[in-house]
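# below are the sequence and a predicted model; questions follow.
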Amino acid sequence: MSQQKQINDLSLFDCPQLFVQFKWLLKDLNLGKTVAFRFNAGQDLKDVLRYLEMKRLQYKRIDSNNSITIVVEGMSV
């Protein structure tokens, strides 16, 4: 069964608005849902990554030449 990913482009934001937008979009992450966030390669993501670790959310970081995509999965039951 394939899931369609919602991609949220946060590449235009700087901290602290970047982190605020990330948390706001992440708050509605449902069980089993997958959401992706796109960032510029030069953005500071330490707060985003720290938050994901603190919440123990499963995520995958995909680095490309000019962007970073972080795919987050909702906790499963």
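All right, it came through fine.
# which phi and psi does Ala36 have?
Main-chain torsions, Ala36, degrees, to the nearest 10: phi -120, psi 140.
# Three-state assignment for Tyr23, please.
For the record, residue 23 is Lys, not Tyr. Here Lys23 is recorded as helix under DSSP: H, G, I helix; E, B strand; the rest coil.
# let's see the pLDDT reported for it.
Per-residue pLDDT puts Lys23 at 92.
# secondary structure element for the nearest residue to it once chain neighbours are set aside?
Spatial nearest neighbour of Lys23, chain neighbours left out: Tyr51 (6.9 Å); criterion: Cβ to Cβ, 6 or more residues apart in numbering. Just so you know, the C-beta spots here come from the backbone N, C-alpha and C atoms, and that holds for glycine as well. Per DSSP states H and E: Tyr51 is located in helix 46-54.
# that helix packs against which elements?
On a contact count with 3 or more Cβ pairs under 8 Å, 6 or more residues apart in numbering; DSSP states H and E, helix 46-54 meets helix 17-26, strand 67-73.
# now render those as CSV, adding distance to Asp47 and mean neighbour count.
As requested, the helices and strands packed on helix 46-54 are exported to CSV (distance: least, Cβ to Cβ, whole Å; neighbours: other Cβ atoms under 10 Å):
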stretch, distance to Asp47, mean neighbour count
helix 17-26, 5, 16
strand 67-73, 12, 18
